[in-house]
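Novice: build me a model from this:
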Amino acid sequence: MMGGEGVWTGVPQIIAAALGGLLVRQLSKSRIERFFPIVALAGVVSICGSAGFYVRLPASIWAEVTLSTVAPLAFMLFGATLLCGLAIVQEMKRQEVTQQNTVFRAVIEALPDCLNAKDRDGRFIVANPATAALMGTDVASVVGKTDADFYGPDTAEIFRKPELQVLLTGEPITVEQRFVRRDGNETWLSTLKAPLFDDQGHLTGIVTHNREITERKKLEQELQASRLRLDDAIESMVDGIAMFDIDGVLVFHNRRFQLLFPMTADVRVPGNCMRTIVQTSLERGEQAAPKSEFENVVERTADILLKEGERLMRLSEGRAISAKTTRTADGGSMIVFSDVTEHRAREEQLQQLNEKLSLLASTDSLTGLTNRRAFDVALSKVAQPGRQVSLLMIDVDRFKSFNDGYGHPEGDECLRKVADRLSGIFSSISGSVVTRYGGEEFVITLPGMDVDQAHSSGVIACSSIRDMEIPHEYCDTGIVTVSIGVASTSSGRVAPLLKAADAALYAAKAAGRNCVRVHQDDRAQKLA
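Specialist: This next block holds a predicted model:
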């Protein structure tokens, strides 16, 4: 029979040892490579490998067999299993470390950043390809060398200085390093230098991680240059600029902003809110402060200034400041303050000049009365359908003779006196307009008067001029008199009204002058 009698003993022992090993693995949570599970496994194998003797042999010889066979065999099984287990565990650990090293090396070599280690003297122990590429060579040429073998003394000193600091303090540091490569290109690195310790805790070298930040530094430099240009532009502005956050707190301003408000420049600084600035301005008299409801005015003024729009501020010393507010993307406010004092003064002067020009354009230069152009405009406004309007057309009698006899200066003075008297007579009549129509002719516009009222006004005017007793020796009366024609309409038609008044004036002259006549159609219509 194959195996003989030992088969029935050995096979169960092998099975028992295998099952015992599985039990030990389960109890050790599959971490069989630890020392104590291996000892337990060796014990299980020695017991299982020797227990079969007690099954197959009679009990009478167990003592003899134990000393002569079982004990040495169990000890040998225990020792062999322990040694084999430890050898297997050591090999497993070696393979694991080898695998880890392979992974770590693959990771390090795949890094786009420079990663290397140096000894205390600055010699490279290990370096990845990125480190070698930075130096313009290969990895094999880097190991055992120092930075001085690849760069000039100044650049090598730049790299060595932080390493000496780490060796002195034992603490990692991060620095930015600028140097010139061997090809002449300026390069910036963000460098981490960390201490390298051995198993006993002794500092044996430096681990370096470099990340190239050349492009970032160029962008930062360009941004800084742009900011400087922007700051220069803002500071050179003739306008003041102030930016407030969403809570109304001042966060930025240029110098001009404070110069525009010298009385409150000390509070117009970042950190102060608009309400504080407005309140101080009112308290110090920079702006006119109300006698009552001061708090409400402060709140209202601050709120208005922070809202989008344009406002005009009048300062106590007479300056005018324009405040134009726009909302920012973050909910704050940007206000542009402009000194518009001179601009406003020019605007007021221009307005006064325009008013003067407008007055000159509508005023007779000799008498100061409304001129013909302004009369046409005024009459077209009041002559509306359904609205009664009357005209007195007045002519100074025998004025040509007066002018020829006394001279033009006296003639002009005569017209001024007549104009003044007519202005005085009709100044109390609402809406009336006294006009020098041309030469020695005057027209009185009387809105709302019918023909009889206008006739009565004409009689008064004719009598008043006569009562002035201005000498006129070239006239039958011996004094200056006037002839007046009266016309009225409610049709809104201007041309027929003027024609009727002129016809009535002709009738007054035909009647001997120094009298008032009404246009016959108007009289007939009134009497009908």
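Novice: any idea how far Asn116 is from Cys475?
Specialist: Counting by C-beta to C-beta, to the nearest Å, the gap from Cys475 to Asn116 is 125 Å. To be clear about C-beta, it is placed using only N, CA and C from the backbone, and glycine gets the same treatment.
Novice: in terms of neighbours, single out the busier of these two.
Specialist: Neighbour totals were compared for Cys475 and Asn116, and Asn116 leads with 22 against 19 (other C-beta atoms under 10 Å).
Novice: backbone dihedrals for that one, please?
Specialist: phi -160, psi 170 (degrees, to the nearest 10).
Novice: same question, Trp188
Specialist: phi -120, psi 140.
Novice: so it sits right up against Lys217, yeah?
Specialist: Yes - checked against C-beta atoms under 8 Å, the pair Trp188 and Lys217 is within contact range at 4.2 Å.
Novice: what touches both of the two?
Specialist: By C-beta atoms under 8 Å, 6 or more residues apart in numbering, Trp188 and Lys217 have these common neighbours: 176, 178.
Novice: the strands in the stretch 301-450 of the chain, which residues?
Specialist: Secondary structure of the stretch 301-450 of the chain (DSSP state E, counting those that start in this stretch): strands at 309-314, 320-327, 333-339, 389-396, 433-438, 441-447.
Novice: now render those strands as TSV, adding distance to Val249 and mean pLDDT.
Specialist: What follows is the strands of the stretch 301-450 of the chain, written out as TSV (distance: least, C-beta to C-beta, whole Å; pLDDT from 0 to 100):
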stretch	distance to Val249	mean pLDDT
strand 309-314	20	89
strand 320-327	15	92
strand 333-339	11	92
strand 389-396	65	95
strand 433-438	60	91
strand 441-447	61	95
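Novice: which one of those lies nearest to Gly492?
Specialist: Closest to Gly492 of the strands of the stretch 301-450 of the chain, according to C-beta to C-beta: strand 389-396, at 8.6 Å.
Novice: list the contacts for the closest residue to Asn272 other than its chain neighbours?
Specialist: Spatial nearest neighbour of Asn272, excluding adjacent residues (C-beta to C-beta, 6 or more residues apart in numbering): Leu250 at 5.5 Å. Applying C-beta under 8 Å, 6+ apart, we find Leu250 in contact with 242-244, 268-274, 277.
Novice: can you rerun that using 7 Å?
Specialist: 242, 244, 268-272 (C-beta atoms under 7 Å, 6 or more residues apart in numbering).
Novice: partner residues bridging it?
Specialist: Phe244 (DSSP bridges).
Novice: could you pull up phi and psi at the residue in the chain sticking out farthest from the centre?
Specialist: In the chain, the residue that sits farthest from the middle, by C-alpha atoms, centre = their mean, is Ser60; the gap is 105.9 Å. Backbone torsions of Ser60, given as degrees, to the nearest 10, read phi -70, psi -20.
Novice: just the pLDDT for it.
Specialist: Note for Ser60: predicted pLDDT of 71.
Novice: tell me who's in contact with the residue most central in space within the chain.
Specialist: Among the residues of the chain, the one closest to the centroid is Thr328, at 4.0 Å (C-alpha atoms, centre = their mean). With contacts defined as C-beta under 7 Å, 6+ apart, the neighbours of Thr328 are Met334.
Novice: just checking, Asp412 touches Ser365?
Specialist: No - Asp412 is not in contact with Ser365 according to C-beta atoms under 7 Å; the separation is 10.5 Å.
Novice: okay, those two: which has more neighbours?
Specialist: Higher neighbour count among Asp412 and Ser365: Asp412, with 13 against 8, using other C-beta under 10 Å.
Novice: excluding its backbone neighbours, what's nearest the more buried one?
Specialist: Asp412 sits nearest to Leu366 (C-beta to C-beta, 6+ apart), 5.9 Å away.
Novice: check contacts around the one you found.
Specialist: Contacts of Leu366 (C-beta under 7 Å, 6+ apart): 412, 415-416.
Novice: any chance of those residues in a markdown table, with pLDDT and distance to Gln388 too?
Specialist: Output for the contacts of Leu366, formatted as a markdown table (pLDDT from 0 to 100; distance: C-beta to C-beta, whole Å):
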| residue | pLDDT | distance to Gln388 |
| --- | --- | --- |
| Asp412 | 93 | 35 |
| Leu415 | 94 | 30 |
| Arg416 | 94 | 31 |
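Novice: and which of those is nearest to Gln165?
Specialist: Distance to Gln165 across those (C-beta to C-beta) is lowest for Arg416, with 102.0 Å.
Novice: circling back to that earlier point, so for Leu350, which of the strands of the stretch 301-450 of the chain sits nearest?
Specialist: Closest to Leu350 of these, according to C-beta to C-beta: strand 320-327, at 15.1 Å.
Novice: can you give the domain ranges for the protein?
Specialist: Structural domains annotated on the chain: 4-105, 111-217, 240-344, 363-527, as defined by automatic domain parsing.
Novice: which of these is buried the deepest?
Specialist: domain 363-527 (a mean of 18; mean count of other C-beta atoms under 10 Å).
Novice: looking at the domains of the chain, which is closest to Arg227?
Specialist: Nearest to Arg227 among the domains of the chain is domain 240-344; the distance by C-beta to C-beta comes to 12.4 Å.
Novice: who's in contact with Tyr437?
Specialist: Tyr437 touches 372, 375, 443, counting by C-beta under 7 Å, 6+ apart.
Novice: can you do 6 Å?
Specialist: Contact partners of Tyr437, counting by C-beta atoms under 6 Å, 6 or more residues apart in numbering, are 372, 443.
Novice: my read: Val340 touches Arg319, true?
Specialist: No - assessed by C-beta atoms under 6 Å, Val340 is found out of contact with Arg319, at 8.7 Å.
Novice: so where's the stretch 101-250 of the chain uncertain?
Specialist: Counting by pLDDT under 70, the ranges of the stretch 101-250 of the chain that qualify are 101-111.
Novice: which residues in it form strands?
Specialist: Along the stretch 101-250 of the chain, counting by DSSP E, counting those that start in this stretch, strands occupy 114-119, 124-127, 173-180, 186-197, 203-212, 240-244, 250-253.
Novice: return the third one as PDB; C-alpha atoms alone will do.
Specialist: So the one you mean is strand 173-180. Only the C-alpha atoms of strand 173-180 are listed here, as PDB (Å, rounded to 0.1, in the frame of the first residue of the first chain):
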ATOM      1  CA  ILE A 173      11.300  77.100   4.600                       C
ATOM      2  CA  THR A 174       9.700  78.400   1.300                       C
ATOM      3  CA  VAL A 175      11.400  81.100  -0.700                       C
ATOM      4  CA  GLU A 176      11.200  82.600  -4.200                       C
ATOM      5  CA  GLN A 177      14.500  82.500  -6.100                       C
ATOM      6  CA  ARG A 178      15.400  84.500  -9.200                       C
ATOM      7  CA  PHE A 179      18.400  83.400 -11.300                       C
ATOM      8  CA  VAL A 180      19.700  83.400 -14.800                       C
END
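Novice: give me the helices and strands touching it, please.
Specialist: Strand 173-180 sits against helix 153-169, strand 186-197, with contacts defined as 3 or more C-beta pairs under 6 Å, 6 or more residues apart in numbering; DSSP states H and E.
Novice: any chance of the ones you listed in CSV, plus distance to Thr489?
Specialist: Below are these laid out as CSV (distance: least, C-beta to C-beta, whole Å):
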stretch, distance to Thr489
helix 153-169, 104
strand 186-197, 94
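Novice: nearest to Arg517, of these?
Specialist: Among those, the nearest to Arg517 by C-beta to C-beta is strand 186-197 (105.6 Å).
Novice: sweet, I'm off.
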